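# attaching a predicted model along with its sequence, questions to come.
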Amino acid sequence: MEAATYLENDYYSDPKFTVFKVPEWRAKLYTFLSVNIWGAMPSTIQRKVSSKYASLYDKPFSKKFIKTYIRINYSDKNYLDKFKPPFGKTDFESFQDFFIREFKELPKNGAPFVWPCEGLLCDEGKVSEIETSRVKSDVRSIATIFGTQSTTIPKEYTFTNVFLHNKNYHRIHAPINGTISRIQHIPGDLIVLRPWIYKQNPSLPAFRNERYNVDITDEIGRTWYLSIVGGPAVRTIELAQPIKVGQTIKKMDEIALFYLGSTCCMASPEAPKRHFKNSFVEVGATY
């Protein structure tokens, strides 16, 4: 395995991410199990199994694992000092509370565009250059992810896909100032998200998994497309309140949170200035 390239800033003390170098044969096996076995089950069964699994992290006993998890996964043992329990709680009452932790103070950045989430930038390129994906009997384009017509998203837009590992911060924030112009829920599967098992098509899960699409029109009239994608063990994707069509939103306002596992795709009129495929991105860092 190898460490992903990343750019450090002042927001986090532990922006490391390990990209596993999976042999070709093993990647094909994992893909087969994820897509052809698990993915062939009815989505209702996938959600029931995921919900059962995720419910374990709501149990009070699960909070005992938080300190051990931090010790194993973060080089900064004071990592949790930057965060607080969710929903006004005074303590982390379960592992799920840790998973959906909130910033004590949101990162501040004067740049006009910021990353909406934290994780591995596993896919990046012009919309016109990103390959299509075959899902069952259909060949689907990038527009499929965002629930739009094939001609809606300009081909010169940049597509990015950030994979959020379990250790990452699991809230999605607005990358720009603007107005929410569309919200769409697309039911779907919950196949495995980990990009390294799909080799040449790391965004495959985004073409077929359950997701929320949120469009934001910026201050000069351009639309930024976000797709918040679920995966196995994702019991739900919860939109922040009061996220609704027509609402004015400021950069770094919260859009949604995940209850375990996720990925976040974006099609934007701007290209990343400092990041590239397989680099680590941090929420609030300059896009």
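Ah, there it is. Residues are numbered from 1 along each chain as shown.
# in the stretch 101-250 of the chain, which spans are helices?
Ranges of helices in the stretch 101-250 of the chain, per DSSP state H, counting those that start in this stretch, are 142-146, 204-208.
# including distance to residue 172 and mean pLDDT, could those helices go into a markdown table?
For glycine as for every other residue, the C-beta is placed from the backbone atoms N, C-alpha and C. Shown next, in a markdown table, are the helices of the stretch 101-250 of the chain (distance: least, CB to CB, whole Å; pLDDT from 0 to 100):
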| stretch | distance to residue 172 | mean pLDDT |
| --- | --- | --- |
| helix 142-146 | 15 | 90 |
| helix 204-208 | 14 | 85 |
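# tell me the most buried of these?
helix 204-208 (a mean of 26; mean count of other CB atoms under 10 Å).
# chain center to it: distance?
12 Å (CA atoms, centre = their mean, to the nearest Å).
# for it, packing partners?
strand 133-135, helix 142-146, strand 223-229, strand 262-268 (3 or more CB pairs under 8 Å, 6 or more residues apart in numbering; DSSP states H and E).
# possible to save the ones you listed as a markdown table with distance to residue 93?
Formatted as a markdown table, those follow (distance: least, CB to CB, whole Å):
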| stretch | distance to residue 93 |
| --- | --- |
| strand 133-135 | 39 |
| helix 142-146 | 35 |
| strand 223-229 | 25 |
| strand 262-268 | 22 |
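# ok, residue 85 to residue 102 distance?
Separation of residue 85 from residue 102 (CB to CB, to the nearest Å): 7 Å.
# same check on residue 142?
32 Å.
# again with residue 163
Taking CB to CB, one finds residue 163 at 21 Å from residue 102.
# now do residue 80
The gap separating residue 80 from residue 102 is 12 Å, by CB to CB.
# what is in contact with these two at once?
With contacts taken as CB atoms under 8 Å, 6 or more residues apart in numbering, residue 80 and residue 102 have no neighbour in common.
# and residue 163 and residue 102? Which one has more around it.
residue 163 (27 against 17; other CB atoms under 10 Å).
# give me the beta-bridge partners of the more buried one?
residue 120, residue 263 (DSSP bridges).
# in contact with it: list those residues for me.
Here residue 163 is in contact with 119, 120, 122, 193, 194, 195, 202, 263 (CB under 8 Å, 6+ apart).
# tell me how many other residues surround the last one.
Counted by other CB under 10 Å, the residues lying close to residue 263 total 29.
# contacting residues for it?
Here residue 263 is in contact with 119, 122, 161, 162, 163, 164, 193, 205, 206, 229, 231 (CB under 8 Å, 6+ apart).
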